[in-house]
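Engineer: How does the following fold in three dimensions:
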Amino acid sequence: MSAVADPRLVLRDEELDAGLELLMLAEASLWAGVDAGLEAEAGGLGRSHWRAAFLLKRRPGLGVQELAHITSLSKQAASRVLSDLEAKGLAEKAQGELDGRRRAVSLTAAGAAFEGRIAERLRGQLARAYRTGGLDGVTGTRRILAALAGGRTKTGTLG
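Structural biologist: So this is what the prediction gives:
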C-alpha cells in the first residue's frame, strides 16, 4: 500500500487536529464496545486480553515478541496477557518449529468464541461507519489507517 502522495494535498494544522480528534473519539467509541463486551463476559479479562485474542485470531502462532511489537506492550506485559489467556483456557502455546525457545500462541475454541462475541459488536459499529462513508470511503479509510499503522500491518490483508 505505497500509493504516491498527491502533491496537491496540503493539510493545515487545523485539519490535521480535527482528524486526530476524530481518531481519538472513534477509538474511545470502539473501546466502549469492547468494555461492554468484557463486562458481559465476567471472566476478569481486560482490553489487552481481548486485543491479544483478536490478533491471535488474525495471526495464529503469534509469539510474545511479535505481540509486544504490534501492540506497543512491553515484552513482560505481552507475556502476562498471553499467560492469562492460557490460564483461562482461551489460548495455548506450542514450541516454535524453527526456534525451540519461541512459543507460538494460538486460540483455543473457547478463545475464538470469547474473541468473536466481542468482535461482533465492533464489526457492527464499523459496518455502520463504512456505510456512512460509502464505497470510496472504505478503501480510503483502509489506506489511511494502514499508513498510520506503519509496519504493524500484515501484508496482503488490508486490501
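
Engineer: and the nearest residue in space to residue 93 that is not next to it in sequence, what is it in contact with?
Structural biologist: The shortest distance from residue 93 to any non-neighbouring residue, by C-beta to C-beta, 6 or more residues apart in numbering, is to residue 103 (4.2 Å). No exception for glycine: its C-beta is placed from N, CA and C like everyone else's. Residues in contact with residue 103, defined by C-beta atoms under 8 Å, 6 or more residues apart in numbering, are 63-64, 93-96.

Engineer: Show me what the helix ranked longest in the chain is packed against.
Structural biologist: Taking DSSP state H as the criterion, the chain has its longest helix at helix 109-149. Packing contacts for helix 109-149, counted by 3 or more C-beta pairs under 8 Å, 6 or more residues apart in numbering; DSSP states H and E, involve helix 13-41, helix 47-58.

Engineer: Show me what the last one is in contact with.
Structural biologist: By C-beta under 8 Å, 6+ apart, the surrounding residues in contact with helix 47-58 are 31, 34-35, 37-38, 62, 67, 70-71, 73, 77-78, 81-82, 84-85, 90-91, 105-107, 111-112, 114-116, 118-119, 154, 157.
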